[in-house]
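In: here are the coordinates; sequence isn't available:
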């Protein structure tokens, strides 16, 4: 399934909770302030990396660009645009938003 | 594929309505169907036509109205959430003894059952909120 | 609408500070009339929604916690609660309201609606749904 996270991990526990509750094989898409969870070398980076082999982490490109962090994200995170977001919602059988 | 989109936050304060709009637009461009957009919680504030953003900012409300017109979208505002927050069409305003209504073009007010129906009838329910 | 889907309501927010818990409960009540397979999950701060002893007189807001106890009458009988979320908050199941239902297939015996689940069980629970409503 697809999980979306729209909160900065430095403010809310949505990303950590999502990472802990997502089954193997999930797609996790960071959107809005959630894209701060993609930052390389952050306090949550290791937690994000630890699920990478099991699930795929995506970040919404327009949100990265808007926040000036597109070149600061860790390796292994796939960047998608809104069309890619739609594709992910189609490819996965349901969507859970970690608000 | 058939989508229902739920919007839980009002315009400007949160990005959720913007993201929902961009998602809806991208889905339509890809040839998908939007069964319904359901506005809940403060999301009902996306439906007031009294919104007057500065000239150089996007008009979130008009943008939804225009997308609805162009693609014949069903934009549904939850009645209970709308009543709490002062969003009313002519009928609602009259029924509740109010001196004004403010529902924007392309939106309609209805019950929460419309959200559940969206979940049942659509292939995917995508929620945008805070 | 003969088709029946599995609906999961994910409650992750505390009551009163924001309106999400109350308005989520309103969706559950309306949704119950649609005869779908409904489940509630309380995780993260959502577990605070069903803590017993809520008294809202002082804040002059409606205490909607008794409604959770009535959900059994609406055939909403599966309330999953995160074990870890309780522990992280220093709570146990004894701090929660007793939520029960009468099982019509078992001579109306009163049964517990609360099902404690760990992280892996929550992951599996989410995977088996058709629709996830998150508040």
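Out: Yep, that arrived. Given the structure is predicted, the values throughout are model-derived calculations rather than measurements.

In: quick one: low-confidence parts of chain C?
Out: C:1-3 (pLDDT under 70).

In: Indicate the residue of it located nearest to chain A.
Out: As assessed by C-beta to the nearest C-beta, chain A sits closest to residue C:123 within chain C, at 4.0 Å. Glycine gets a C-beta too; all of them are placed from N, C-alpha and C.

In: same for the longest helix seen in chain B, what does it pack against?
Out: Using DSSP state H, we find that the single longest helix of chain B is helix B:16-29. Under the contact criterion of 3 or more C-beta pairs under 8 Å, 6 or more residues apart in numbering or on different chains; DSSP states H and E, helix B:16-29 touches helix A:82-91, strand B:2-7, strand B:33-39, helix B:60-71, strand B:124-128.

In: Pipe those into TSV and attach mean neighbour count per row.
Out: Output for those, formatted as TSV (neighbours: other C-beta atoms under 10 Å in any protein chain shown):
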stretch	mean neighbour count
helix A:82-91	19
strand B:2-7	25
strand B:33-39	23
helix B:60-71	17
strand B:124-128	26
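
In: Kindly state which of the ones you listed is positioned closest to chain C.
Out: So among the helices and strands packed on helix B:16-29, strand B:124-128 is nearest, using C-beta to the nearest C-beta, at 5.2 Å.

In: State whether the residue of chain C closest to chain A is indeed within a helix.
Out: Yes: looking at residue C:123 with DSSP: H, G, I helix; E, B strand; the rest coil, it is inside a helix.

In: my read: it touches residue A:23, true?
Out: Yes: look at residue C:123 against residue A:23 with C-beta atoms under 8 Å: they come within range, at 4.0 Å.

In: got a pLDDT number for the residue lying farthest from the centre of chain B?
Out: Within chain B, the residue lying farthest from the chain centre (C-alpha atoms, centre = their mean) is residue B:97, at 23.9 Å. At residue B:97, the model reports a pLDDT of 96.

In: any idea which element it lies in?
Out: Secondary structure assignment for residue B:97, by DSSP states H and E: no helix or strand.

In: State the phi and psi torsions of it.
Out: Here is the backbone geometry of residue B:97 (degrees, to the nearest 10): phi 70, psi 40.

In: Show me what from chain B comes close to chain C.
Out: Chain B comes close to chain C at residues B:6, B:8, B:40-41, B:80-81, B:111-113, B:115-117, B:119-120, B:125, B:127, B:129, as judged by C-beta under 8 Å from any C-beta of the partner chain.

In: please redo it, this time with the cut-off set to 10 Å
Out: Contact residues, chain B versus chain C (C-beta under 10 Å from any C-beta of the partner chain): B:4, B:6, B:8, B:40-42, B:78, B:80-81, B:84-85, B:111-125, B:127, B:129-130.

In: Just checking the distance from the longest helix of chain B to the centre of its chain.
Out: Relative to its parent chain, helix B:16-29 has a centroid offset of 12 Å by C-alpha atoms, centre = their mean, to the nearest Å.

In: And for stretch B:93-103?
Out: Put simply, stretch B:93-103 sits 19 Å off its chain's centre (C-alpha atoms, centre = their mean).

In: ok, now stretch C:119-135?
Out: Relative to the chain's own centre, stretch C:119-135 is displaced by 13 Å; criterion: C-alpha atoms, centre = their mean.

In: Could you do stretch C:37-45 as well?
Out: So, by C-alpha atoms, centre = their mean, the centroid of stretch C:37-45 is 5 Å from its chain's centroid.

In: Buried residues in it, which are they?
Out: Residues of stretch C:37-45 classed as buried by neighbour count (16 or more other C-beta atoms under 10 Å in any protein chain shown): C:38-45.

In: Same list, the residues you listed, but as a markdown table with distance to chain B please.
Out: Formatted as a markdown table, these follow (distance: C-beta to the nearest C-beta, whole Å):
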| residue | distance to chain B |
| --- | --- |
| C:38 | 10 |
| C:39 | 13 |
| C:40 | 14 |
| C:41 | 14 |
| C:42 | 17 |
| C:43 | 16 |
| C:44 | 14 |
| C:45 | 14 |
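
In: which ones among those residues are found in strands?
Out: C:38-42 (DSSP state E).

In: List just the nearest of those residues to residue A:75.
Out: Nearest to residue A:75 out of those is residue C:41 (C-beta to C-beta; 33.3 Å).

In: can you tell me which residues contact that closest one?
Out: Taking C-beta atoms under 10 Å, 6 or more residues apart in numbering or on different chains, we find residue C:41 in contact with A:21, C:8-12, C:78-82, C:115, C:117, C:122, C:125-126, C:129, C:132, C:134.

In: repeat for residue B:12
Out: Residue B:12 touches B:18, B:45-46, B:51, B:53, B:57-58, B:60, counting by C-beta under 10 Å, 6+ apart.

In: Count the residues that sit near the residue of chain C closest to chain A.
Out: Using other C-beta atoms under 10 Å in any protein chain shown, residue C:123 has 17 neighbouring residues.
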